[in-house]
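Asks: Provided below are the primary sequence and the corresponding predicted coordinates.
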Amino acid sequence: MRRLRNVKIVATLGPASDDMEMIGALHKAGADVFRLNMSHGSHEEIREKHRIIRQLEADMGSTIGILADLQGPKLRVGVFAGDSEQLDVGAPFRLDLNEAEGDASRVCLPHPEIFAALEPGSSLLVNDGKIRLKVRDCGPDFANCEVVIGGVISNRKGVNVPDVVLPLAALSDKDRADLEFVCELGVDWLALSFVQRPEDVLEARALAGDRAAILSKIEKPSAVVRFDDILAVSDGIMVARGDLGVELPVQNVPPIQKRLVRKCRAAAKPVIVATQMLESMIESPMPTRAEVSDVATAIYEGADAVMLSAESAAGDFPIEAVTTMDKVATEVEQDPTYTQIIESSRKADRMTVADGIVAAAREIAETTDIKAICCYTQSGTTALLTARERPRTPIIALTPLVGTARRLALSWGCNCVITGSMDRFKMAVVGAAQAARSQGFAGPDDLIVVTAGVPFNVPGSTNILRVAPCDERLIFSSDPE
């Protein structure tokens, strides 16, 4: 299903979008990748959503990506005798391992690993930062705090610890079970929560193997500090602005978002901007102007994808939310300023033959009347390098591997076509011409650029470029390869 935009849309599935009719409508409205949130729903419910997506993919002749988002460890306080308490600014408040019900002076925090990492002066944020505590003194089983920002604290509210790297693995026992389940099920991407360091990503990769690509969620200050190392071992990145905005001053989030997106672009790794993009559309059929500007900003920055969470999973207007995002993206990409911003921010260290080939393909396509850049790719690398160039000319990614095509559904501008295996470049050119015509990108009198690696089926071997007609008769009558 050809889109009139390059940025991709990720839609989260949930109670508002759990049947074939609704999921199909979301795909038609513009969703390119579906997110399965492993924090909610049983394995059987996840299995059914996966089955529906794959059935729709076959019925519609589309390539649809599936992203499974692992929950990560959840840090929460215990319970209170009265279910909740009022904490006043300046009052003392103690966190400890005592499982007794809490009161206005203390509550259980059943996470000894937090106490092991705390130091005097550390901050603790409760209930998405609505309550802020500062540690005065602490030990292996307690932390005596002062209430800096007060409010009502209630049972099992979440706790964030922004100042320290916690001695916690990014994968809980639940995550490990979920990871194995979705990898066997056949998802394309694994989103890894609670990433603090590159070792967290490597642990997930060791468990997943080559069954799914690893997408690291950047939601903690420690991940921002170690971002270059995390990016190096990840296949993609999600800028999860919700938790970042809790653990960091909110004014820090926009420049961090811009910086991370540019680094991902330079590394040719897809990046999703996520969280609260069209939040008001959970209950309203129309977004706010600020939300539209937020989505547009991510697109102007060159993000590969923008994501809907509760808007499509639990909101009253899931189709309207996807449609709005699609319309905003289409409008932004038609703005001449968008092209200027994208091209002025194009920065990559071109050190390989493949880098040079895809850069040349973009230059040729943009300076002559070329209708499409067709890249044969085994692992997806050639398509990712081409997408990094952010060409004005459409990208057609041709691959014999359906898994590669599905993963590329997340990448900027990639229109994926499943092909048969190739062993001769001339036949690859013929296949590219047929795909360009059948997908509506070119006519028989038009020209395309074709890139590939010879010998075929060797990942990362892109080494040849050809400008070719879309008429097979002209291809076969031209000079031999």
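Replies: Looks like it came in fine.

Asks: Let me know the helix or strand that residue 293 is in.
Replies: helix 289-300 (DSSP states H and E).

Asks: From the contact counts, what lies against the following helix or strand past that helix?
Replies: For helix 289-300, the succeeding helix or strand toward the C-terminus, using DSSP H and E, is strand 305-308. Based on contacts counted as 3 or more Cβ pairs under 8 Å, 6 or more residues apart in numbering; DSSP states H and E, the elements that strand 305-308 packs against are strand 8-13, strand 271-274, helix 289-300, helix 318-333. Where C-beta positions appear, they are placed from N, C-alpha and C, glycine not excepted.

Asks: what's the angle between the longest one and helix 289-300?
Replies: Per axes from the mean of the first three to the mean of the last three Cα atoms, to 10 degrees, the angle that helix 318-333 makes with helix 289-300 is 60 degrees.

Asks: picking that back up, let me have the helices and strands packed on strand 305-308 in TSV, extended by mean pLDDT and mean neighbour count.
Replies: Formatted as TSV, the helices and strands packed on strand 305-308 follow (pLDDT from 0 to 100; neighbours: other Cβ atoms under 10 Å):
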stretch	mean pLDDT	mean neighbour count
strand 8-13	98	27
strand 271-274	98	28
helix 289-300	97	18
helix 318-333	98	22
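
Asks: Next, format those as JSON lines and append distance to residue 244.
Replies: Below are these laid out as JSON lines (distance: least, Cβ to Cβ, whole Å):
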{"stretch": "strand 8-13", "distance to residue 244": "18"}
{"stretch": "strand 271-274", "distance to residue 244": "10"}
{"stretch": "helix 289-300", "distance to residue 244": "14"}
{"stretch": "helix 318-333", "distance to residue 244": "21"}
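
Asks: Tell me which of the ones you listed lies nearest to residue 446.
Replies: Across the helices and strands packed on strand 305-308, residue 446 has its closest neighbour in helix 318-333 (21.5 Å, Cβ to Cβ).

Asks: residues making contact with the closest one?
Replies: Defining contact as Cβ atoms under 8 Å, 6 or more residues apart in numbering, one finds that helix 318-333 is touched by 3-7, 9, 11, 16-17, 22, 25-26, 29-31, 277-278, 281, 285, 287, 292, 295-296, 299-300, 306, 308, 311-312, 315, 338.

Asks: Show me just the buried residues among those.
Replies: 5-7, 9, 11, 16-17, 22, 25-26, 29-31, 277-278, 281, 287, 292, 295-296, 299-300, 306, 308, 311-312, 315, 338 (16 or more other Cβ atoms under 10 Å).

Asks: list the buried ones in the lowest-mean-pLDDT helix or strand in the chain?
Replies: Scoring the helices and strands of the chain by mean pLDDT, DSSP states H and E places helix 472-477 at the bottom, with a mean of 74. Residues of helix 472-477 classed as buried by neighbour count (16+ other Cβ under 10 Å): 472, 475.

Asks: And the contacts of that helix?
Replies: So helix 472-477 is contacted by 426, 429-430, 433-434, 468-469 (Cβ under 8 Å, 6+ apart).

Asks: Flag whichever of these scores worst on pLDDT.
Replies: For the contacts of helix 472-477, the model is least confident at residue 426; its pLDDT is 87.

Asks: mind checking how far the helix or strand that residue falls within is from the chain centre?
Replies: Using DSSP H and E, residue 426 sits within helix 425-438. Remark: helix 425-438 is offset 31 Å from the chain centroid, using Cα atoms, centre = their mean, to the nearest Å.

Asks: And that helix, what does it pack against?
Replies: Taking 3+ Cβ pairs under 8 Å, 6+ apart as the contact cut, helix 425-438 packs with strand 370-376, strand 395-399, strand 447-453, strand 462-469, helix 472-477.

Asks: now what about that helix, what contacts it?
Replies: 371-372, 374, 376, 396, 398, 417, 419-420, 422, 442-444, 446, 448, 450, 452, 454, 456, 464, 466, 468-472, 475-476, 480-481.

Asks: C-alpha coordinates for that helix, PDB please?
Replies: Output of helix 425-438 as PDB, limited to C-alpha atoms (Å, rounded to 0.1, in the frame of the first residue of the first chain):
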ATOM      1  CA  PHE A 425      22.400  -8.000 -12.000                       C
ATOM      2  CA  LYS A 426      20.600  -7.600 -15.400                       C
ATOM      3  CA  MET A 427      17.700  -9.600 -14.000                       C
ATOM      4  CA  ALA A 428      17.700  -7.500 -10.900                       C
ATOM      5  CA  VAL A 429      17.400  -4.400 -13.100                       C
ATOM      6  CA  VAL A 430      14.400  -6.000 -14.900                       C
ATOM      7  CA  GLY A 431      12.800  -6.800 -11.500                       C
ATOM      8  CA  ALA A 432      13.400  -3.300 -10.300                       C
ATOM      9  CA  ALA A 433      11.800  -1.900 -13.400                       C
ATOM     10  CA  GLN A 434       8.800  -4.100 -13.000                       C
ATOM     11  CA  ALA A 435       8.400  -3.200  -9.300                       C
ATOM     12  CA  ALA A 436       8.600   0.600 -10.100                       C
ATOM     13  CA  ARG A 437       5.900   0.200 -12.700                       C
ATOM     14  CA  SER A 438       3.600  -2.100 -10.700                       C
END
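
Asks: now it against strand 447-453, angle please.
Replies: 130 degrees.
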